[in-house]
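*Asks:* Need coordinates for the below:
(2 chains, ligands or ions: 2)
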Number of protein chains: 2
Amino acid sequence: MTGVASLCSARRVAVFGGTHGNELSGVALVGLWLQDGAEIRRRGLEVRPFMANPRAVQQRTRYIDTDLNRAFTLENLSSAQGEDLPYEVKRAQEINQLFGPMGSPDAYDVIFDLHNTTSNMGCTLILESSDDHFNLQMAHYIKGAVAPVSCSVLLNDHPHLHYSTTRSVAKHPVGLEVGPQPQGVLRSNIFESMRLIMKHALDFIELFNEGMQFPPCAVEVFRVSERVDYPHDSNGNITAMVHPSLQDCDWEPLNPGDPMFQTFDGRSVEYKGDCTVCPTFINEAAYYEKKQAFVVTRKETLTVMGIRVSNTMLSKK
Amino acid sequence: MTGVASLCSARRVAVFGGTHGNELSGVALVGLWLQDGAEIRRRGLEVRPFMANPRAVQQRTRYIDTDLNRAFTLENLSSAQGEDLPYEVKRAQEINQLFGPMGSPDAYDVIFDLHNTTSNMGCTLILESSDDHFNLQMAHYIKGAVAPVSCSVLLNDHPHLHYSTTRSVAKHPVGLEVGPQPQGVLRSNIFESMRLIMKHALDFIELFNEGMQFPPCAVEVFRVSERVDYPHDSNGNITAMVHPSLQDCDWEPLNPGDPMFQTFDGRSVEYKGDCTVCPTFINEAAYYEKKQAFVVTRKETLTVMGIRVSNTMLSKK
Ligand SMILES: [Zn+2]
Ligand SMILES: [Zn+2]
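*Replies:* Ligands and ions are numbered 1, 2, ... in the order given. Next up is the predicted model:
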């Protein structure tokens, strides 16, 4: 794990906004870059801005028929095309054709998918594999570039909680989640934070392609381990809220016995786990329908291989 | 203006939640009180909790066809009933029958309409008339009860910016707006703030009905004077965001020359008015579609008449 891997250069990069139409930082940035791409241009790179769910963007809603960011299942992508499919399933097939096919050599090298959250998560990179040393090196580079501002890494490779994201079409899928920002609102601080992360991410790819070596390193990640639903009554109605001592405390330790929820009649509900965890996506608006009050993660440090671009690819320049 | 007016007692009170289905504090409180009304029960009062737009609540959206809180026009209320009417127009007619008719002696005395905003407005009472001394005395009472926490009074009696609210069916319409809270999110701090304001509001009505005199007083209000739209291009797309020095600064002074917006390419757009004003509803999610970045108000102090319940009504107890 401490060697240096030679990897293909990353020449085709896409930046998706509006996978969720009411998450306005990515919608605004991609809209801007579609008009003028100078800001995201890098030597030797194709960087393609793309509005992933234009109908949802137009209606300023998360989705039309179904969540696009859960629609990239093999079943959906391989199902016969037809007018009766949900809009987002058709859109997933189009995106897979344009930027994939998923898992094939023709797929884009990197897709950045820009999201906002109502949770107090700051800047977060969401990665889907602890084996993707290219992405982990990029995360390490970005964390260094924005320090002392933090950029957390959420690792979702959980067998059941992992989901079929829009970005998973690419060889290196990168989710960028920035909050807190209400749905349907564009805040300048969140917009500029996202813009800065994207600048460093593209800089990293350019440097990598140009031959810079990135030595082995360690990256702190938060690995998804479970999700926690709100307490509810027999009709499915929520009977408690996120506890004020947990609200807005994404990434901070939650210990067994710490209050987690506050019921409408003022009682506390405590966390019953057997060890200290780090909750995130706390009180995210979009996750009420997914029956999720927060995601439980465990903090760990990954050892990341060094990487350099393979000579074969360098000679292609 | 400094005398004491004798007013009829206020026996029939309604508390509306879910006029906007994604503003969850009122939805949760009214849902709770529909199950158990003990908390809002007061001597000599009927206090009726009511879910104003149940279909929007179920879909966690602001509205189905059109904004219910703009639907209480005389034209809508008097139009022939029919299946082809927008859902919220039909609902407005039902609400007018149940709690009105608007402007008639049969109308409810007070309707509280519970809203959330994504703006950093804290607790805000929205009143529609500077002549309603009952409501102004109630505002004065609530402000005193929650001090040093502030409860602002927004007075919207502007001839063009005034709109046809759900609560306007009542003799004394009171909007309660609490934020900041994202749409579709329930935060315990906002929930408890709203709950506390409602407690004091109902206490006031009970005390008034029981004969307590409220002497003349002065109330600070913010009177709506204009609204300001986002800068946009010829296609109607927004080209700037609320400036970071204005964002979250609801109720604070904005002077001519102060930055108001920040364009995507980093320029500031300054406020061009001719005097200091107090913006509010800054960057409210629901007002993008209404082409409104914030509302301009002017702070003034109203002199409020003393009030007491008229003897006639006391004897009815
Ligand atoms: Zn999203
Ligand atoms: Zn509202």
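
*Asks:* Endpoints of stretch A:142-150, how far apart?
*Replies:* 9 Å (C-alpha to C-alpha, to the nearest Å).

*Asks:* Tell me which residues of it come out buried.
*Replies:* Buried residues in stretch A:142-150, counted by 16 or more other C-beta atoms under 10 Å in any protein chain shown: A:Ile142, A:Lys143, A:Ala145, A:Val146. All C-beta atoms are positioned from the backbone trio N, CA, C, and that covers glycine.

*Asks:* and the residues you listed, which of them are in helices?
*Replies:* A:Ile142, A:Lys143, A:Ala145, A:Val146 (DSSP state H).

*Asks:* could those residues be laid out in JSON lines, adding distance to A:Ile307?
*Replies:* Formatted as JSON lines, the entries for these read as follows, by distance: C-beta to C-beta, whole Å:
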{"residue": "A:Ile142", "distance to A:Ile307": "15"}
{"residue": "A:Lys143", "distance to A:Ile307": "16"}
{"residue": "A:Ala145", "distance to A:Ile307": "17"}
{"residue": "A:Val146", "distance to A:Ile307": "20"}
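
*Asks:* can you tell me which of these lies nearest to ligand 2?
*Replies:* Looking at those and their distance to ligand 2, the nearest is A:Val146, at 36.4 Å (C-beta to the ion).

*Asks:* hmm, back to that, return only those of the buried residues of stretch A:142-150 found close to ligand 1.
*Replies:* Judged by C-beta under 5 Å from the ion, the overlap between these and the neighbourhood of ligand 1 is nil.

*Asks:* Relative to chain B, which of those is nearest.
*Replies:* A:Val146 (17.8 Å; C-beta to the nearest C-beta).

*Asks:* List the contacts of A:Ala169.
*Replies:* You called it Ala, but residue A:169 is Val. A:Phe72, A:Ile95, A:Asn96, A:Phe99, A:Gly100, A:Pro101, A:Met102, A:Ala107, A:Tyr108, A:Ile111 (C-beta atoms under 8 Å, 6 or more residues apart in numbering or on different chains).

*Asks:* Just the buried residues of those residues.
*Replies:* Using 16+ other C-beta under 10 Å as the threshold, A:Phe72, A:Ile95, A:Asn96, A:Phe99, A:Gly100, A:Met102, A:Ala107, A:Tyr108, A:Ile111 are the buried ones among the contacts of A:Val169.

*Asks:* Now the two most distant members of those residues.
*Replies:* Farthest pair in those (C-beta to C-beta) is A:Phe72 and A:Tyr108. Separation: 13.4 Å.

*Asks:* got the buried residues for stretch A:254-270?
*Replies:* Within stretch A:254-270, the residues that count as buried by 16+ other C-beta under 10 Å are A:Leu254, A:Asp258, A:Pro259, A:Met260, A:Phe261, A:Gln262, A:Phe264.

*Asks:* quick revisit: among the contacts of A:Val169, name the ones in helices.
*Replies:* Checking the contacts of A:Val169 against DSSP H, those in helices are A:Ile95, A:Asn96, A:Phe99.

*Asks:* Tabulate these (JSON lines), appending distance to ligand 1 and pLDDT.
*Replies:* Listed next are the ones in helices among the contacts of A:Val169 as JSON lines, based on distance: C-beta to the ion, whole Å; pLDDT from 0 to 100:
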{"residue": "A:Ile95", "distance to ligand 1": "15", "pLDDT": "97"}
{"residue": "A:Asn96", "distance to ligand 1": "19", "pLDDT": "97"}
{"residue": "A:Phe99", "distance to ligand 1": "18", "pLDDT": "98"}
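
*Asks:* re the thing from before, which ones among the buried residues of stretch A:254-270 come in contact with chain B?
*Replies:* Subset of the buried residues of stretch A:254-270 in contact with chain B: A:Gln262, A:Phe264, counting by C-beta under 8 Å from any C-beta of the partner chain.

*Asks:* I'd like the buried residues of stretch A:254-270 as a markdown table, with secondary structure, pLDDT and distance to ligand 1 appended.
*Replies:* Putting the buried residues of stretch A:254-270 into a markdown table (DSSP: H, G, I helix; E, B strand; the rest coil; pLDDT from 0 to 100; distance: C-beta to the ion, whole Å) gives the following:
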| residue | secondary structure | pLDDT | distance to ligand 1 |
| --- | --- | --- | --- |
| A:Leu254 | strand | 98 | 23 |
| A:Asp258 | coil | 98 | 28 |
| A:Pro259 | strand | 98 | 28 |
| A:Met260 | strand | 98 | 24 |
| A:Phe261 | strand | 98 | 24 |
| A:Gln262 | strand | 98 | 27 |
| A:Phe264 | coil | 96 | 29 |
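
*Asks:* in chain A, which segments are predicted with low confidence?
*Replies:* Applying pLDDT under 70 to chain A picks out residues A:1-2, A:311-317.

*Asks:* Which parts of it are helices?
*Replies:* Assigned by DSSP H, chain A shows helices spanning A:24-35, A:54-58, A:74-78, A:87-99, A:133-146, A:188-209, A:311-315.

*Asks:* what's the closest of those helices to chain B?
*Replies:* Scanning the helices of chain A with C-beta to the nearest C-beta as the criterion, the closest one proves to be helix A:188-209, at 4.3 Å.

*Asks:* what does chain A put close to chain B?
*Replies:* Taking C-beta under 8 Å from any C-beta as the criterion, the contact residues of chain A with chain B come out as A:28, A:31-32, A:60-61, A:118, A:180-189, A:191, A:237-238, A:241-244, A:247, A:262, A:264, A:283-286, A:288-289.

*Asks:* again, 7 Å this time
*Replies:* Taking C-beta under 7 Å from any C-beta of the partner chain as the criterion, the neighbours of chain B within chain A are A:31-32, A:118, A:182-189, A:191, A:237, A:241-244, A:247, A:262, A:264, A:283, A:285, A:288.

*Asks:* neighbours of the residue in the stretch 201-317 of chain A that ligand 2 sits nearest to, just the number please.
*Replies:* Residue nearest to ligand 2 within the stretch 201-317 of chain A: A:Ala285 (15.4 Å; C-beta to the ion). Close neighbours of A:Ala285, defined as other C-beta atoms under 10 Å in any protein chain shown, add up to 24.

*Asks:* How about the contacts made by it?
*Replies:* Residues counted as contacts of A:Ala285 (C-beta atoms under 7 Å, 6 or more residues apart in numbering or on different chains) are A:Thr118, A:Gln183, B:Pro182, B:Gln183, B:Gly184, B:Val185.

*Asks:* let's see 8 Å
*Replies:* A:Thr118, A:Pro182, A:Gln183, B:Pro182, B:Gln183, B:Gly184, B:Val185.

*Asks:* Which ones among these map onto strands?
*Replies:* Among the contacts of A:Ala285, no residue falls in strands (DSSP state E).

*Asks:* Which of these sits closest to A:Val174?
*Replies:* Using C-beta to C-beta, A:Thr118 is the member of these that lies nearest A:Val174, at 21.2 Å.

*Asks:* Quick one: neighbours of the closest one, just the number.
*Replies:* A count of neighbours around A:Thr118, defined by other C-beta under 10 Å, yields 26.

*Asks:* Over to the one 4 residues further on?
*Replies:* For A:Gly122, the tally of surrounding residues (other C-beta under 10 Å) stands at 19.

*Asks:* ok, of the ones in helices among the contacts of A:Val169, which one's closest to ligand 2?
*Replies:* Within the set of the ones in helices among the contacts of A:Val169, A:Ile95 lies nearest ligand 2; the separation is 35.1 Å, counting by C-beta to the ion.

*Asks:* any idea where the strands of the stretch 151-300 of chain A begin and end?
*Replies:* With DSSP state E, counting those that start in this stretch as the criterion, the stretch 151-300 of chain A has strands at A:151-155, A:172-179, A:217-228, A:240-242, A:259-263, A:268-270, A:278-280, A:294-304.

*Asks:* Sweet, I'm off.
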